[in-house]
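Q: sequence-free structure coming up:
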């Protein structure tokens, strides 16, 4: 066994990726506040550092130094574990996403991905479901009616969006003929999949809005009804963990959209062939575009009522995804 | 232009001989024991179906409970029937309740019980509404004195250093902290526990296919992001469906009315700013109109125009804010709300320049307004009005066709106008259900009768119609503002006669109402000819409209209940007074 290739390089890659994700998630909070402010004719954070660039640090310091409060009526073990579940589920999602080509570093070939899994897409789907456990358990163990309602809504929401999401991904698999994300990216060298799958992209985007509990589907949280929903009883660093998990999830989900539908690091090939790092830059740019969409939607739309959301998912989105899959399959079979 | 009270009295005398026992100025005095039958007759036979105002006052030898009936019938809109009931038994006052006839009597009778200790026989839930159960006495009785009581009314000698020598010690110096705090008999504040929800609402057993579950109660407020202040609602839920709502009021109660009775007539004006702090100008308006009616005071033309300009600017920003908050409750993450607040800032700049304050304006005076405005102000006001016009269109484009909004607002919280009238609901909420009733039209005050404007109405009274109603009313207000800015006299007095520092108001009793942006704002005033009111009561639109909340929300989802509350558009400063 070659320790360097088989152990150290993956470990270092993982550490770099986790750190990058943490910073990305933290700066997503800043980016959202800044963008939302501009949508609302405000300035947004501008005190801590130039353009408020140090705001996430200040927030983190504040959250960490807050008193650690565990309400006496909670189920302590689960209560303390839940933010961690949410957070971990988000981080491990990124493991299969390729964020660049294979590069030559110090005489070694290093692929800019952590794991080149043959069933990468299945892995994504499996892990995506895990994040909800953090929310459901957190809401349940808080022993608070608001949290309970939030947790119930999270459950109802999850079973609604997962199906259209899976179906939308299936059409990608039918087209690309593989579950391996690297192969899917390679498949998009000429044209990104959004060109062949505009409907699939839309369905998937709606589903991941719901998956990361973002407006207009932020039903487990619903500040205006449930105060903070499932995280009402959480404070200090535990709250910050949920919070950063949500924002990191946005980053990761954007990366998934960029990989599956926007051509990953590869498209357009003219640019990504220039330099290995150009691919990484392309990938980042696409992630930022999707993140901007997230914020744009949040600043513009009222929230969907949760029963209407379920109806929408089951009665509209799912049939649509089926039709999309069927049409895709027929066309692929004919050509 | 009062109603022909003589004819009504004659008709009542014919139907119920001896029921009308007296005529007190403009008020019919009805025998207490026959009140429900007479009220039923007035509602069903004579078409006076609308009990908007109910309160009481305390005289040395009796209590009087006063009622103001209005009619929703097109030919009878306008002045209504004021009548009262005398309760000579001061030790144990009883009056029959009218809750079975008008649901609007529910909250107002509870308020009278709370403030005067008059029992309403037959009231289903006669509990304190604004005060808590550990409060001793009934504060609006004349013999009730607050902890630092000094004198019956201002000016207090201790606050008036040059009037008397040596200066008397103030009440705070004479009475040590806590020494004057009273509790009801048998009440121990250390043993007190908040009333559990289960006692307030009946515990309903819900049967789900043989699975027996308990009712879930959720406390919304007093600290909650969407209760518009410190309202507490106890919501019974079946799943997420609302089965009952019980509003708990009074967290912001400051006994505005007792403060008013201690105060001078002029001194009340700044206190009215604090009633509905979103529209302080209109509260001023309502109060000075009421006192001027008592005094028979005329107002110079320029001052009237200024009053209307300020009032309608208030209406536009109130409606825009209401829409903004509405969307906030729908989860639109502040964007429409902050757009609305941007417009409000422009209007507040104008208020600040005219009155000296942005919110607590204290601008209207008996017989005029406090300060004149410059020609430049009028020019800038016109610019703001043009801007508001554009911005209303912008709101319309941005919000009216939003799919999610329509899906959430259509059919939610709908109520027929007949039922709303029974609940005493007034203002945009009522008009959105289809009743064309605007006090500016049916009982014009100030110079509203000289303006050309429409009273928009919609059909169903659901949240979407309320939204459209507010939009349409804001447009009409812009129309009024344009006309007022065109026609305002260039020069002229803004105050009839001398500035009234401490006027004496002729003895009398009246209920006067104006069309506040949120509904009917009424002032019930009793003057004994002195420099301060003998009785001062505010009939606030938010308080009475809130009474219909439960009926509008039951059967809808929890998320909708919040939005319905927002669409009624309440301000807690006015609800709790």
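A: Great, that's in hand. These numbers were taken from a predicted model, which means no experiment stands behind them.

Q: Which single residue in the stretch 351-500 of chain B comes nearest to chain A?
A: Of all residues in the stretch 351-500 of chain B, residue B:404 sits closest to chain A, with a separation of 4.9 Å (CB to the nearest CB). Quick note: C-beta positions are derived from backbone N, CA and C, even for glycine.

Q: Excluding chain neighbours, what is closest to the residue in the stretch 1-150 of chain A positioned nearest to chain B?
A: With CB to the nearest CB as the measure, the residue in the stretch 1-150 of chain A that lies nearest chain B is residue A:40; the distance is 4.4 Å. Distances taken as CB to CB, 6 or more residues apart in numbering or on different chains put residue B:338 closest to residue A:40, at 4.4 Å, once the chain neighbours are dropped.

Q: Next: residue B:235.
A: Residue B:235's closest residue in space is residue B:218 (CB to CB, 6+ apart), at 4.9 Å.

Q: Next, work out how far apart the one you found and residue B:121 are.
A: If you measure residue B:218 against residue B:121 using CB to CB, to the nearest Å, the figure is 34 Å.

Q: Residue B:551 now?
A: To residue B:121, residue B:551 is 24 Å away according to CB to CB.

Q: Among these two, which residue is more densely surrounded?
A: In this comparison of residue B:551 against residue B:121, neighbours counted by other CB atoms under 10 Å in any protein chain shown, the higher total goes to residue B:551 at 17 against 11.

Q: right, and the secondary structure at the more buried one would be what?
A: With DSSP: H, G, I helix; E, B strand; the rest coil as the basis, residue B:551 sits in helix.

Q: for it, what are its contacts?
A: For residue B:551, the set of contacting residues under the criterion of CB atoms under 8 Å, 6 or more residues apart in numbering or on different chains consists of B:103, B:415, B:419, B:423.

Q: distance between stretch B:333-346 and the chain's centre?
A: Computed by CA atoms, centre = their mean, to the nearest Å, the chain-centroid distance of stretch B:333-346 equals 25 Å.

Q: Which residue, other than its chain neighbours, is closest to residue A:258?
A: Spatial nearest neighbour of residue A:258, chain neighbours left out: residue A:286 (3.7 Å); criterion: CB to CB, 6+ apart.

Q: And for residue A:148?
A: Leaving out its chain neighbours, the residue that sits closest to residue A:148 by CB to CB, 6+ apart is residue A:139, at 5.9 Å.

Q: which SSE is the one you found in?
A: When secondary structure is defined by DSSP states H and E, residue A:139 falls within helix A:120-141.

Q: So for that helix, mean pLDDT?
A: Over the span of helix A:120-141, the pLDDT mean works out to 86.

Q: Now the next helix or strand after it: buried residues?
A: Moving toward the C-terminus from helix A:120-141, the next helix or strand (DSSP H and E) is helix A:145-176. By neighbour count with 16 or more other CB atoms under 10 Å in any protein chain shown, helix A:145-176 contains the buried residues A:145-158, A:160-176.

Q: residue contacts, the closest residue to chain B within chain A?
A: Evaluated by CB to the nearest CB, chain A has residue A:303 as its residue closest to chain B, separated by 2.7 Å. Taking CB under 8 Å, 6+ apart as the criterion, residue A:303 is in contact with A:215, A:216, A:217, A:218, A:219, A:222, A:224, B:330, B:331, B:332, B:404, B:559.

Q: does it count as helix, strand or coil?
A: Taken by three-state DSSP, the conformation at residue A:303 corresponds to coil.

Q: List, one by one, the residues from the stretch 151-300 of chain B near chain A.
A: Along the stretch 151-300 of chain B, the residues adjacent to chain A under the rule CB under 8 Å from any CB of the partner chain are B:216, B:217, B:218, B:224, B:225, B:226, B:240.

Q: buried subset of those?
A: Those of these that meet the buried threshold are B:216, B:217, B:218, B:224, B:225, B:226, B:240, by 16+ other CB under 10 Å.

Q: would JSON lines of these with secondary structure and pLDDT be doable?
A: Formatted as JSON lines, those follow (DSSP: H, G, I helix; E, B strand; the rest coil; pLDDT from 0 to 100):
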{"residue": "B:216", "secondary structure": "strand", "pLDDT": "79"}
{"residue": "B:217", "secondary structure": "strand", "pLDDT": "82"}
{"residue": "B:218", "secondary structure": "strand", "pLDDT": "84"}
{"residue": "B:224", "secondary structure": "coil", "pLDDT": "82"}
{"residue": "B:225", "secondary structure": "coil", "pLDDT": "77"}
{"residue": "B:226", "secondary structure": "coil", "pLDDT": "75"}
{"residue": "B:240", "secondary structure": "coil", "pLDDT": "81"}
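
Q: And the residues you listed, which is closest to residue B:302?
A: Each of these was scored against residue B:302 by CB to CB, and residue B:226 proved nearest at 42.2 Å.

Q: Contacts only, for the spatially closest residue to the closest one that is not a sequence neighbour.
A: Take residue B:226 and drop its neighbours on the chain: the residue closest to it by CB to CB, 6+ apart is residue A:224, 4.4 Å away. With contact taken as CB under 8 Å, 6+ apart, residue A:224 is in contact with A:303, B:225, B:226, B:328, B:329, B:330, B:331, B:562.

Q: got these as a markdown table, with distance to residue A:57 columns?
A: Written out in a markdown table, the entries for the contacts of residue A:224 read as follows (distance: CB to CB, whole Å):
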| residue | distance to residue A:57 |
| --- | --- |
| A:303 | 31 |
| B:225 | 27 |
| B:226 | 32 |
| B:328 | 30 |
| B:329 | 33 |
| B:330 | 34 |
| B:331 | 29 |
| B:562 | 35 |
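
Q: Can you name the residue of the stretch 201-350 of chain B nearest chain A?
A: Evaluated by CB to the nearest CB, the stretch 201-350 of chain B has residue B:331 as its residue closest to chain A, separated by 2.7 Å.

Q: Residue B:545 is in contact with residue B:428, isn't it?
A: No: if you go by CB atoms under 8 Å, residue B:545 and residue B:428 don't touch, sitting 9.9 Å apart.

Q: C-terminal to the top helix by length along chain B, what's the next element?
A: Under DSSP state H, the helix in chain B containing the largest number of residues is helix B:301-329. From helix B:301-329 onward toward the C-terminus, using DSSP H and E, the following helix or strand is helix B:335-355.

Q: any idea of the mean pLDDT for that following helix?
A: For helix B:335-355, mean pLDDT is 90.

Q: Point out the residues in chain A that sit beside chain B.
A: Contact residues, chain A versus chain B (CB under 8 Å from any CB): A:36, A:39-42, A:145-146, A:149, A:215-216, A:218, A:222-225, A:227, A:298-308.

Q: ok, and the closest non-adjacent residue to residue B:458?
A: In space, not counting the residues next to it along the chain, residue B:458 is nearest to residue B:465; the distance is 3.9 Å by CB to CB, 6+ apart.

Q: Low-confidence bits of chain B, can you list those?
A: Flagging of chain B using pLDDT under 70 yields the residue ranges B:1-3, B:158-180, B:195-213.

Q: what does it put close to chain A?
A: For chain B, the contact set with chain A under CB under 8 Å from any CB comprises B:216-218, B:224-226, B:240, B:327-335, B:338-339, B:342, B:402, B:404-405, B:407-408, B:557-560, B:562.

Q: among those, which ones are buried?
A: Among the residues of chain B next to chain A, those scoring as buried are B:216-218, B:224-226, B:240, B:327-335, B:338-339, B:402, B:404-405, B:407-408, B:557-560, B:562 (criterion: 16+ other CB under 10 Å).

Q: Kindly provide the distance from the residue nearest in space to the middle of chain A to residue A:40.
A: Residue closest to the mean C-alpha point of chain A, counted by CA atoms, centre = their mean, is residue A:253 at 2.6 Å. With distances defined as CB to CB, the gap from residue A:253 to residue A:40 amounts to 24 Å.

Q: again with residue A:188
A: Using CB to CB, we find residue A:188 at a distance of 36 Å from residue A:40.

Q: and residue A:59, which of the three is it?
A: When the structure is split into helix, strand and coil by three-state DSSP, residue A:59 lands in helix.
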